[in-house]
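Engineer: Below is the sequence, then the predicted model.
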Amino acid sequence: MGYLEAMILRYFPIIFLPFLLSLLFSSVLRADAVIRTNAMNATTIVEYHIEDKGILVELEIGIKNMEAFRYVFPDNIYNQMGFESLTQAERRSLFFNKDFPIVADGKKLKGSLVKLGSASRIQRDKITGEPLDIQQPEPVIRAQLLYPFFTDSSTGESIKPKALVFGETTSSDDVDIGFVAYHRGVAVNDFRYLAKDYTLELDWQDPWYSKFTQRFLRRQYFAPISAFIYVDTFEVRKEIVVRPKDIQRWIDLGLNDVDVISVEKQGEIKLKVAEFLAKYHPVTIDGKKVKGQLQRINFLDRTLSSSRVVDSSKPLRIDSAILGVIFSYPTTGLPEKVVMDWDLWDERIKIIPAAIVDEAGSFPIYIQKGWTQLTWLNLLQNPSQPTLTQLSAPPTLVKAYAYKWRWLMLGAAIILAIWLVVYYKRQRKWSLSILSTTSMLVLGVVVGFHVANSTYTNSTQIHNIVSGLLHNVYRAFDYRDEKDIYDVLDKSVNGELLTEIYLETQKSLKIANQGGARAKVKNIDLKSLQINAASHDTLQVKASWIVTGMVGHWGHTHQRVNQYQADLTLSPTDGSWKLTQMNVLEENRL
């Protein structure tokens, strides 16, 4: 059976049954493709920041769009552009009422210009549109606009609208504008192109649920909870991404009527959420219910391109705060079937974006009532297993002495051979003792030079030994239990160096912005090798190698690439080559 056929059998019930149901109940079940645009590279960028009292608009106007936004500029710039003579008040009225209006519950808001000036264009991520640290020298005009909400005449308080309608209506047809809207700090949409009459329905109780009526503007991470199952050779992981504000509906986290989660409360909230989630979403491995171990829980900053652990020393906005919770299930090998049953629902939690992940890749799916199980079946044809490289054995004692005295024995064998020829010419007969001695010397010479050629002077052989030893060291970290790692490392590392390598390798494979998650080594590439000394009991080399590791979390794959240069000493121990000394000269993260 080919890989394609195996994948079809594996996911047939997951793919086609929901598809058939969608034909019958299209209003219930929908699937959305991930839409990516170049909106963040548009000539003009707009960010709408919707807060309790109004809307702050950040505008980044490209130079070639200046004519389309001419009404916002002061008199000196406007007059130089050569348009009809209008007062500043007339121009501002045209801009806020016709070119760039915002309508709240059917009424246009009164806008004003807060700030205007020249600046450099902000360099943005090509997927998420988020600002990057590096800047681009391209000049732009940066403006801030303010649209206050209407006020209640009796109380003087701002009236929070139920819906907003906005979109550019500038007179120029060739204006391209990328935009994103934030409601109380929560991104309502991913970066998209702005057009007329986009309607935003506002949920003031929980801005996470604010949404555009245009479905294509729904952000990719629209759901408050998502789930992932990762299957590896010695471990199954269940990962839940959830907002504490949603968990608050089941248990009291002390988050009612608060706008931020203080630094002091974050630890307590993590513990309570972990204890709560441990009771839900049971996991079955090969037909047996298993109890998970809490591996990690962290607050996350999650975007389209990456997820990272946020700084725990800062307060977090309650509406946008997200927790990532990981439960691990140790296994003795690669399981045949893993099932997670989702059992947490309420009026807000109706659909759960999820994925099952193994070495063949990630398969996304939506969980919802009536289709609550996330199932993984082992249809991997050639799953990778932790395997150790078989190294060439060090020379035995006999071979070692043969190597050490090979030149002396060669000389003795030549002398004896000459003498044997002379002796035969004189006596016309062979001496058994002399023949035996000569044969032994010749054999010793052959063995000595063979050992030298196969181990000590053959750079290819030494390269294979060092490469294989490095491979075996890193393969030990495929295991998850500390005892197993030490046992495998002990086959390649000797003495006090064992603990040192264990600690240093673990440290190098940890990804800090993932809360200490450990990357799984995918490749070890020995780039260069300089042989400093080679004898029957010692190999001393200067080696340079690159280690590539991967770790998957929250639907993203993170890569760690480290380059090392070190002086290594290898010695025969218990009948095999082991690493006995290591002096790291250089370590770089690529």
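Structural biologist: Sure thing, it's come through. Quantities reported herein were computed from a predicted structural model and do not represent experimental measurements.

Engineer: where's the residue lying closest to K369 once chain neighbours are set aside relative to V186, distance?
Structural biologist: Closest residue to K369 apart from its sequence neighbours, by CB to CB, 6 or more residues apart in numbering: W345 at 6.3 Å. The way it works is simple: take the backbone N, C-alpha and C, and place the C-beta from them, glycine included. Note on W345: its distance to V186, by CB to CB, to the nearest Å, is 22 Å.

Engineer: hang on, the residue nearest to K369 packs against G370?
Structural biologist: No. Taking CB atoms under 8 Å as the definition, W345 is not a contact partner of G370, at 10.9 Å.

Engineer: Between these two, which has more neighbouring residues?
Structural biologist: W345 (14 against 10; other CB atoms under 10 Å).

Engineer: where do the helices sit along the protein?
Structural biologist: Taking DSSP state H as the criterion, the chain contains helices spanning 3-24, 75-80, 88-94, 244-247, 263-277, 397-404, 406-427, 432-451, 459-475, 482-489, 497-509.

Engineer: where does this structure dip in pLDDT?
Structural biologist: 1-36, 127, 135-136, 168-173, 305-306, 393-458, 510-518, 536, 555-556 (pLDDT under 70).

Engineer: care to break it down by domain?
Structural biologist: 39-217, 222-377, 397-456, 459-589 (automatic domain parsing).

Engineer: Can you report how many residues lie near the residue lying closest to G495 once chain neighbours are set aside?
Structural biologist: Counting by CB to CB, 6+ apart, G495 lies nearest to T580, which is 6.4 Å off, once chain neighbours are set aside. Residues lying near T580 (other CB under 10 Å) number 18.

Engineer: follow-up on the earlier one: gap between the residue nearest to K369 and I367?
Structural biologist: On the measure of CB to CB, W345 and I367 end up 10 Å apart.

Engineer: rewinding a little: out of the domains of the chain, which gets nearest to P386?
Structural biologist: With CB to CB as the criterion, P386 lies closest to domain 459-589 of these, at 3.9 Å.

Engineer: Could you give the separation between the terminal residues of that closest one?
Structural biologist: Taking CA to CA, to the nearest Å, domain 459-589 runs 28 Å from one end to the other.

Engineer: so how far is it off the chain centroid?
Structural biologist: 22 Å (CA atoms, centre = their mean, to the nearest Å).

Engineer: Repeat that for stretch 205-215.
Structural biologist: 28 Å.

Engineer: How about stretch 326-336?
Structural biologist: That offset, for stretch 326-336, works out to 20 Å (CA atoms, centre = their mean).

Engineer: Please save the CA atoms from that stretch in PDB.
Structural biologist: The C-alpha coordinates for stretch 326-336 follow below in PDB (Å, rounded to 0.1, in the frame of the first residue of the first chain):
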ATOM      1  CA  ILE A 326       0.700  20.800  27.700                       C
ATOM      2  CA  PHE A 327       0.000  17.300  29.100                       C
ATOM      3  CA  SER A 328       2.400  14.500  28.200                       C
ATOM      4  CA  TYR A 329       1.700  10.700  28.100                       C
ATOM      5  CA  PRO A 330       4.900   8.600  28.100                       C
ATOM      6  CA  THR A 331       4.800   5.500  25.800                       C
ATOM      7  CA  THR A 332       7.100   2.600  25.400                       C
ATOM      8  CA  GLY A 333       7.200   3.000  21.600                       C
ATOM      9  CA  LEU A 334       5.100   4.300  18.800                       C
ATOM     10  CA  PRO A 335       1.400   3.600  19.600                       C
ATOM     11  CA  GLU A 336      -1.100   2.300  17.100                       C
END
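
Engineer: Tell me the buried residues in that stretch?
Structural biologist: Neighbour counts over stretch 326-336 (16 or more other CB atoms under 10 Å) mark 326-329, 331, 334-335 as buried.

Engineer: before we move on, what about stretch 187-202?
Structural biologist: Quick answer for stretch 187-202 (16+ other CB under 10 Å): 187-192, 194, 198, 200, 202.

Engineer: Not counting its own residues, what contacts it?
Structural biologist: 35, 37, 39-40, 42, 46, 50, 124, 128-129, 160-169, 176-183, 207, 210-214, 216-220, 304 (CB atoms under 8 Å, 6 or more residues apart in numbering).

Engineer: Pull out the buried residues from those.
Structural biologist: 39-40, 42, 46, 50, 124, 128-129, 161, 164-168, 176-183, 207, 210-212, 217-220, 304.

Engineer: Just those: which are in strands?
Structural biologist: Among these, the members falling in strands (DSSP state E) are 46, 50, 124, 164-166, 177-183, 211-212.

Engineer: and which of those is nearest to V488?
Structural biologist: The closest of those, once distances to V488 are taken by CB to CB, is R124, at 45.3 Å.
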